[in-house]
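[1] one predicted model, sequence on top.
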Amino acid sequence: MHMADALLSPTVGVGFLAASGGVLAYSAKRIKDEADDSKIPLMGVLGAFVFAAQMINFTIPGTGSSGHIGGGMLLAMLLGPYAAFVTMASVLIVQALIFADGGILALGTNTWNLGFYPCIVGWWLYRIVVGRNPTYARLSVAAMLGILIALEMGALSVAIQTVFSGKSELPLGKFSILMLGIHLPIALVEGFVTLGVVNFAYRIRPQVVEASLGIGQAFGQSKRSYRPLVGAALAATLLVGGVVAWFASARPDGLEWSIRKIIGSEGIPEASDTLSGRLSRIQEQKALLPDYELPATRLGTKGSAVRERDPTEAPPWPHVSPGKSLSGILGSLIVLACVGFTALVLVRLRGKGTQASRGGRPE
Amino acid sequence: MSFVDASRLDRHAYLDSVIHRFDPRAKVLATLVFIVTVVSYDKYTLDPLLPFLAFPVVLAVLGFVPLGLIARRFALAFPFIVLIGVFNPLLDRSVMYEIGGVSVSGGWVSFTSIFLRGLLCVTAGIVLIATTSVPRIAEALGALRFPRALVVQLLLLYRYLFVLMAEAGRMRRARALRAGTSKASMRDAVSMLTTLLLRTVDRSEAIWRAMLVRGFEGELRSPGRLRWRFSDTVFLALISAVCVTLRMHPITDWIGKWVLNR
């Protein structure tokens, strides 16, 4: 499931951009160290293959709906973890740009959820189960296990990112269970199709599957150390932990809000030291009329209806000065009208002549 | 995922306009500034988000991006936003506004806000890609110090993207013609995917040999160097300045008050 920009807070979005960027830089370095140039065209076409594979829809048994594979785990099984991660990052960039799946700020979270978990974590599990002597049974169990864990981790991760961004009202616990539940059948279906493809490919062309395991002739030597991989996973875990902790301190309202939602308790002080809190305070200071008030400043105390009000507290909902909302809405409408008018003028001015003056897409 | 829409959007990237001519780095950074600003608003924000529509609208008009295409792309991103956002009106029922006796709950306000954010972010992304092609964006990422492996990977992926998608489309049609139904079973999908995969691997070997013959040394030569001009600085500075100003000051409120007081 692709995360959307609209559900992210800047902290979560930028934090995961940094985390995914770190894994990307490390993966790029590993690929460079491997110095296997023949892998470069393979990565390129396999990236394009993911898009082609997603066009092949199939009916999901028992339901009427149809689905397609995600492809991250399949890439990892064919390319190995680091090349697969870079490939998946490029796939997600093109998906966000040309296919409107996900978003640009959400690229960090999506690369993490759909790239890191299947390519690094899933591949690791796959490698452990398959071992040195792949059999059909081992390949099947490994593919299924890798996909199951990777997809569920991704689903959980979407829930955590959404709740910590604080745009959705969904409570973390219930949302996580919902996401895990929805993704279980999806993971099983993707698992079955992927293990079918891997077994089929292994029967016809074993070297394609063996290459990333370091046992075929494609790599020759099989003395790959796992220490860097374990280190990377550990570093990634710490990084995520760090991001979450940093986020929790930088933006406590999201966390407090989710805690309040889950345990139903009150009395957590209003978070005024958050980014949006600070920005809205600047907004208040700069406002022409001092009584200008963002609804946000009241929201810290919003809670369940049963809670008892402290008399010294700010007045309860609804407390919105009608003048504010009216002027805000009026101003917005005026701005929109101006934008529309400008657009019309621009359409007139730009003419039609320059369109398609440069050639089409290079073939 | 619609193949036709994607290739239409892609073809727009090769038109020529004022917006197309800006440096891709300036456009990538400006898009990021825009999205971060939009997303940084509190979840109950409504009217301060509206002026931001000016950016994608003006840029789309100047860059010849058809609005119909934007609307269809947004329709694709729409279900996920609604799926998550629709819980807000159910869970958050505290009354936030009273408009003419009708009370509007905080949940509906935040849902509409999510919707508006989605509209703004998706539109900004479409304008970016429709005025900047994938290879130019890849070059921009390279110039912004992203790993070279990613840049080469993006360039190669893009080169074979439409080729392989067309191949998958042909396979799908061939199967449908023989089977008499467009619905494929999982078993069909497995054999089609395996065939496609092995063909793809074969293709990569052929490409590899062809690249070696032409003197490939792990680096793809890009046709045009990026040139940062003064107009790019102005473009990026202008967009950032307007974003920050709108974020810091309640402009729409001022305009509304000014009109009301007259």
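    Received the coordinates, thanks.

[2] could you use CA atoms for every contact and neighbour count after this?
    Noted.

[3] on the three-state scheme, B:T181 is what?
    coil (DSSP: H, G, I helix; E, B strand; the rest coil).

[4] from chain A, how far out is it?
    12 Å (C-alpha to the nearest C-alpha, to the nearest Å).

[5] same deal with B:G256?
    With the distance defined as C-alpha to the nearest C-alpha, B:G256 ends up 4 Å from chain A.

[6] same question, B:V104
    Distance of B:V104 to chain A, given as C-alpha to the nearest C-alpha: 10 Å.

[7] name the element that residue belongs to?
    Taking DSSP states H and E as the criterion, B:V104 maps to strand B:102-105.

[8] ok, that strand: who's next to it in the sheet?
    strand B:95-99 (antiparallel) (DSSP bridges).

[9] returning to that earlier point: and the strand holding B:V104, what's buried?
    Buried residues in strand B:102-105, counted by 16 or more other C-alpha atoms under 10 Å in any protein chain shown: B:104-105.

[10] following element in sequence after it, please.
    Downstream of strand B:102-105 (by DSSP H and E), the next one is helix B:106-131.

[11] so who does residue 119 touch?
    This is for chain A. A:72-73, A:75-76, A:80-82, A:84-85 (C-alpha atoms under 8 Å, 6 or more residues apart in numbering or on different chains).

[12] hmm, I had chain B in mind actually
    Applying C-alpha under 8 Å, 6+ apart, the residues near B:L119 are B:F74.

[13] distance check, the residue positioned nearest the centre of chain B against chain A.
    With distances taken as C-alpha atoms, centre = their mean, the residue of chain B nearest its centroid is B:G125 (3.0 Å). As judged by C-alpha to the nearest C-alpha, B:G125 and chain A stand 6 Å apart.

[14] where's that residue relative to B:G63, distance?
    Distance, B:G125 to B:G63, by C-alpha to C-alpha, to the nearest Å: 13 Å.

[15] where does pLDDT dip in the stretch 151-300 of chain A?
    Scanning the stretch 151-300 of chain A for pLDDT under 70 picks out A:214-300.

[16] quick one on the thing from earlier: pLDDT (mean, whole number) over the strand holding B:V104?
    For strand B:102-105, the mean pLDDT works out to 78.

[17] repeat that for stretch A:128-146.
    So the average pLDDT for stretch A:128-146 ends up being 89.

[18] any weak-confidence spans in the stretch 1-150 of chain B?
    Along the stretch 1-150 of chain B, the model assigns pLDDT under 70 to residues B:1-2, B:99-100.

[19] for the closest residue to chain A within it, give me its contacts.
    In the stretch 1-150 of chain B, the residue found nearest to chain A is B:G118; the distance is 4.6 Å by C-alpha to the nearest C-alpha. Going by C-alpha under 8 Å, 6+ apart, B:G118 touches A:4-6, B:78, B:81.

[20] now the strands: where do they sit in chain A?
    A:58-59, A:66-67 (DSSP state E).

[21] show me which helix runs longest in chain A.
    helix A:172-204 (DSSP state H).

[22] which positions in that helix come out as buried?
    A:172-173, A:175-176, A:179-180, A:183-184, A:186-202.

[23] any part of that helix near chain B?
    Yes. Judged by C-alpha under 8 Å from any C-alpha of the partner chain, helix A:172-204 comes into contact with chain B through A:193-194, A:196-198, A:200-201.

[24] between those, which is closest to A:V158?
    A:T194 (22.7 Å; C-alpha to C-alpha).

[25] gap between the closest one and B:A77?
    From A:T194 to B:A77 the distance is 26 Å (C-alpha to C-alpha).

[26] any idea how chain B splits into domains?
    Residue ranges for each domain of chain B read B:3-141+B:228-260, B:162-213, as given by automatic domain parsing.

[27] can you give me the helices in the chain?
    No chain specified, so I'll use chain A. Counting by DSSP H, the helices of chain A are A:10-34, A:39-55, A:72-79, A:81-98, A:107-111, A:123-130, A:136-165, A:172-204, A:206-210, A:227-250, A:252-263, A:275-286, A:296-299, A:322-350.

[28] actually, chain B is the one I wanted.
    B:3-12, B:18-21, B:24-39, B:54-62, B:67-85, B:87-91, B:106-131, B:134-143, B:148-179, B:186-213, B:230-248, B:251-260.

[29] redo those helices as a markdown table? Include distance to A:A25.
    Listed next are those as a markdown table, based on distance: least, C-alpha to C-alpha, whole Å:
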| stretch | distance to A:A25 |
| --- | --- |
| helix B:3-12 | 28 |
| helix B:18-21 | 30 |
| helix B:24-39 | 20 |
| helix B:54-62 | 32 |
| helix B:67-85 | 29 |
| helix B:87-91 | 37 |
| helix B:106-131 | 24 |
| helix B:134-143 | 12 |
| helix B:148-179 | 9 |
| helix B:186-213 | 24 |
| helix B:230-248 | 27 |
| helix B:251-260 | 41 |
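
[30] circling back: I'd like to know which of the helices of chain A is closest to B:S40.
    Comparing the helices of chain A by C-alpha to C-alpha, helix A:10-34 comes nearest, at 5.6 Å.

[31] and that closest one, what does it pack onto?
    Helix A:10-34 is packed against helix A:81-98, helix A:107-111, helix A:136-165, helix A:227-250, helix B:148-179, with contacts defined by 3 or more C-alpha pairs under 8 Å, 6 or more residues apart in numbering or on different chains; DSSP states H and E.

[32] how about 7 Å then?
    Contacts defined by 3 or more C-alpha pairs under 7 Å, 6 or more residues apart in numbering or on different chains; DSSP states H and E place helix A:10-34 against helix A:81-98, helix A:107-111, helix A:227-250.

[33] on that earlier part again, the helices of chain A into JSON lines, with extra columns for distance to B:D10?
    JSON lines is the format used below for the helices of chain A (distance: least, C-alpha to C-alpha, whole Å):
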{"stretch": "helix A:10-34", "distance to B:D10": "25"}
{"stretch": "helix A:39-55", "distance to B:D10": "15"}
{"stretch": "helix A:72-79", "distance to B:D10": "24"}
{"stretch": "helix A:81-98", "distance to B:D10": "7"}
{"stretch": "helix A:107-111", "distance to B:D10": "19"}
{"stretch": "helix A:123-130", "distance to B:D10": "33"}
{"stretch": "helix A:136-165", "distance to B:D10": "29"}
{"stretch": "helix A:172-204", "distance to B:D10": "29"}
{"stretch": "helix A:206-210", "distance to B:D10": "32"}
{"stretch": "helix A:227-250", "distance to B:D10": "35"}
{"stretch": "helix A:252-263", "distance to B:D10": "38"}
{"stretch": "helix A:275-286", "distance to B:D10": "36"}
{"stretch": "helix A:296-299", "distance to B:D10": "40"}
{"stretch": "helix A:322-350", "distance to B:D10": "21"}
